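Colleague: can you look at this prediction? I've put the sequence above it.
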Amino acid sequence: MNYASFIVKIVEKPKQHFFKDDTFVTQVLVKFTQIRESNLDIVFQISIWGNLGEDVIQYYRVNDYIIIEGYISLRQNLFNSINNEINKQVSISICKIYPFILNNAS
């Protein structure tokens, strides 16, 4: 089972991508919250399909904290020319989103 829930911080403005069959996906770059001070930031991409993605664009901004539930997958995304290796990137397809701490500065 690869269904999980996390509290994450939005680090980049959500972006929507449309397909030829009028299906759309919203992709957001997020990072895990840190309990202790460290230089290790774990940043990954989440994918939100359909109307839930439109809600994310409308209601959530950079620096908002959200609770996400979804399915984890690994994608072969980046090619490292130095080591000739294919790196894998974590991606989560979101099923549910809940506000946790919202930035009201905007």
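Modeller: Sure thing, it's come through. Residues are numbered from 1 along each chain as shown.

Colleague: could you point out which element follows the helix or strand of the chain with the lowest mean pLDDT?
Modeller: Every helix and strand in the chain was compared by mean pLDDT, DSSP states H and E; the lowest is strand 65-80, with a mean of 78. Using DSSP states H and E, the next helix or strand after strand 65-80 towards the C-terminus is strand 85-101.

Colleague: for beta bridges, what are the partners of the residue nearest the centre of the chain?
Modeller: Centroid-nearest residue in the chain, with CA atoms, centre = their mean: I46, separated by 2.6 Å. Beta-bridge pairing of I46 under DSSP bridges involves V28, I92.

Colleague: that one touches I67, doesn't it?
Modeller: No. Using CB atoms under 8 Å, I46 is not in contact with I67; the gap is 11.9 Å. No exception for glycine: its C-beta is placed from N, CA and C like everyone else's.

Colleague: I66: neighbour count?
Modeller: 22 (other CB atoms under 10 Å).

Colleague: kindly apply the preceding question to N39 instead.
Modeller: Each residue near N39 was counted by other CB under 10 Å, and the total is 5.

Colleague: same deal with the one 5 residues further on?
Modeller: Neighbouring residues of F44 were enumerated by other CB under 10 Å; the total is 16.

Colleague: next: E69.
Modeller: 14.

Colleague: for this protein, give me the ranges with low pLDDT.
Modeller: Of all residues in the chain, those with pLDDT under 70 make up the ranges 1, 38, 76-87, 105-106.

Colleague: make it 90
Modeller: 1-2, 4, 17-24, 32-47, 49-51, 71-93, 102-106 (pLDDT under 90).

Colleague: what's near enough to touch the closest residue to Q16 other than its chain neighbours?
Modeller: Spatial nearest neighbour of Q16, chain neighbours left out: T26 (5.0 Å); criterion: CB to CB, 6 or more residues apart in numbering. Counting by CB atoms under 8 Å, 6 or more residues apart in numbering, T26 makes contact with 14-17, 47-49, 52-54, 56-57.
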